[in-house]
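K.L.:
Got a sequence here, can you build the structure:
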Amino acid sequence: MLPPTITTKIKIKRFEPLQLGKMLALLHGMIGLIFLPIVLFFSLIASKLPPTQRVGVMAMGIGFMLFMPIMYAVMGFLVGVIGGCLYNLFAKWIGGIEVEIE
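P.N.:
This is a model prediction of the structure:
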């Protein structure tokens, strides 16, 4: 016979916006790195275009490839900070998120 499980409810009342921003920046930056092979694939396809069209498409692909992880990280940071501030504001009004753990 199994012992009874004890469940507890906890409430998340506040997130530290800067810490949440750093965490989401890292996560979104990693997602940007994951999408790099897809961009490389489309650049490879662009190499089959006629020479007059190839240069612009491949330059955009390479530029996007370098900029994408940075852009994702910056947007993740901004969303984390703004989202953390909004969560803290709304949690004051309605009480936060309840999580049940055992």
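K.L.:
what about the helices in this structure?
P.N.:
Ranges of helices in the chain, per DSSP state H, are 17-34, 36-46, 51-94.
K.L.:
Show me what the longest one is packed up against.
P.N.:
In this case it means helix 51-94. If you count contacts as 3 or more C-beta pairs under 8 Å, 6 or more residues apart in numbering; DSSP states H and E, helix 51-94 packs onto helix 17-34, helix 36-46. From N, CA and C alone the C-beta is placed, and that goes for glycine too.
K.L.:
Kindly recompute the last result at 10 Å.
P.N.:
Judged by 3 or more C-beta pairs under 10 Å, 6 or more residues apart in numbering; DSSP states H and E, the packing partners of helix 51-94 are strand 8-12, helix 17-34, helix 36-46.
K.L.:
same question, the second one
P.N.:
Of the remaining helices and strands, those touching helix 36-46 by 3+ C-beta pairs under 10 Å, 6+ apart are helix 51-94.
K.L.:
Highest mean neighbour count out of the helices and strands packed on helix 51-94?
P.N.:
helix 17-34 (a mean of 17; mean count of other C-beta atoms under 10 Å).
K.L.:
Mind checking the pLDDT average for that one?
P.N.:
Helix 17-34 carries an average pLDDT of 94.
K.L.:
go on, stretch 92-100?
P.N.:
Stretch 92-100 comes out at a mean pLDDT of 90.
K.L.:
And for stretch 62-79?
P.N.:
88.
K.L.:
list the buried ones in it?
P.N.:
65, 68-69, 72-73, 76-77 (16 or more other C-beta atoms under 10 Å).
K.L.:
So what's the gap between that stretch and the chain middle?
P.N.:
Centroid separation for stretch 62-79 versus its chain: 10 Å, with C-alpha atoms, centre = their mean, to the nearest Å.
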